[in-house]
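>>> Here's a sequence, model it:
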Amino acid sequence: MRSVAGVRRKRGASLSGAGEPMRTREISLGGPFGVQRRSRRGMTMVELVVALAVLVVGASSAMYGLLGISVLARVQSERALAFQAGRNAIEALQAEDFDTAFARFNATTGDDPVGGTSPGNAFDAVGLSAQPGDVDGRVGSIDFPGNGVLLLENVNDTELGMPRDLGGTPGVDPDDHALDYRLLPVLVRVQWRGAAGDASVTLAATLSNDKNVPSP
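Next up, the predicted model:
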């Protein structure tokens, strides 16, 4: 009969592995748990990148919007300056003696009346710059029917309402009416290089002994 001590020793040996110390091993929680943890990290980085991209796009859109508003404001301001310069030119023509208005504001100095000021057919506008390639570098111009020297009534110019009689005689002729006109159509143009590129405005009027009759 085996002794109890012997049985106990055998049991201890089988449990301890023949007297060797018991070995322990760390169990890694792999499988779905580890994958899920890594996936969560990856999604967080993706979400961060997407959020940054959205932020950049939003900031760019806001910046372009502000720039657009700024350009629009400048364009409106430039047009107001151009219209004011054009009106000032027409008012200067109205203020001139009707019989000498053409000679003082046409494209030549050869027929300028003695005394007084003859501004000619070009003018400046405060706050506006001439377009590149502009011959005289001035934004404003004043045009009459004809070539700038002769006042003609047989020209084809719808903006000036031509051809039509200017001298008060029936019909339309090819003669120069610089000295006997009774109507004086005038076209005032302002052309400039602005915030949105080249731009222009045009004002038309017909001067007469009654000072000014708006063109149709």
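>>> chain center to the lengthiest helix in the chain: distance?
In the chain, taking DSSP state H as the definition, the longest helix is helix 31-95. The gap between where helix 31-95 is centred and where its chain is centred comes out at 14 Å by Cα atoms, centre = their mean, to the nearest Å.
>>> Which strands or helices does the helix or strand following that helix pack on?
Using DSSP states H and E, the helix or strand that follows helix 31-95 in sequence is helix 98-105. If you count contacts as 3 or more Cβ pairs under 8 Å, 6 or more residues apart in numbering; DSSP states H and E, helix 98-105 packs onto helix 31-95, strand 183-194, strand 197-208. No exception for glycine: its C-beta is placed from N, CA and C like everyone else's.
>>> orientation of the first one relative to strand 197-208 in degrees?
What separates the directions of helix 31-95 and strand 197-208 is an angle of 20 degrees, with axes from the mean of the first three to the mean of the last three Cα atoms, to 10 degrees.
>>> ditto for the second one
Direction vectors for strand 183-194 and strand 197-208, defined by the same axes, to 10 degrees, enclose an angle of 170 degrees.
>>> Now do strand 183-194 against helix 98-105, angle only.
30 degrees.
>>> Ok, the longest one next?
Going by the same axes, to 10 degrees, helix 31-95 is angled at 130 degrees with respect to helix 98-105.
>>> and helix 31-95, what does it pack onto?
Helix 31-95 sits against helix 98-105, strand 122-123, strand 140-143, strand 183-194, strand 197-208, strand 211-213, with contacts defined as 3+ Cβ pairs under 8 Å, 6+ apart.
>>> In JSON lines, list the ones you listed along with distance to Pro174 and mean pLDDT.
Below are the helices and strands packed on helix 31-95 laid out as JSON lines (distance: least, Cβ to Cβ, whole Å; pLDDT from 0 to 100):
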{"stretch": "helix 98-105", "distance to Pro174": "17", "mean pLDDT": "96"}
{"stretch": "strand 122-123", "distance to Pro174": "27", "mean pLDDT": "97"}
{"stretch": "strand 140-143", "distance to Pro174": "19", "mean pLDDT": "98"}
{"stretch": "strand 183-194", "distance to Pro174": "17", "mean pLDDT": "97"}
{"stretch": "strand 197-208", "distance to Pro174": "21", "mean pLDDT": "96"}
{"stretch": "strand 211-213", "distance to Pro174": "25", "mean pLDDT": "47"}
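>>> Output the ones you listed in JSON lines; the columns should cover distance to Ile69.
Listed next are the helices and strands packed on helix 31-95 as JSON lines, based on distance: least, Cβ to Cβ, whole Å:
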{"stretch": "helix 98-105", "distance to Ile69": "39"}
{"stretch": "strand 122-123", "distance to Ile69": "31"}
{"stretch": "strand 140-143", "distance to Ile69": "28"}
{"stretch": "strand 183-194", "distance to Ile69": "16"}
{"stretch": "strand 197-208", "distance to Ile69": "18"}
{"stretch": "strand 211-213", "distance to Ile69": "38"}
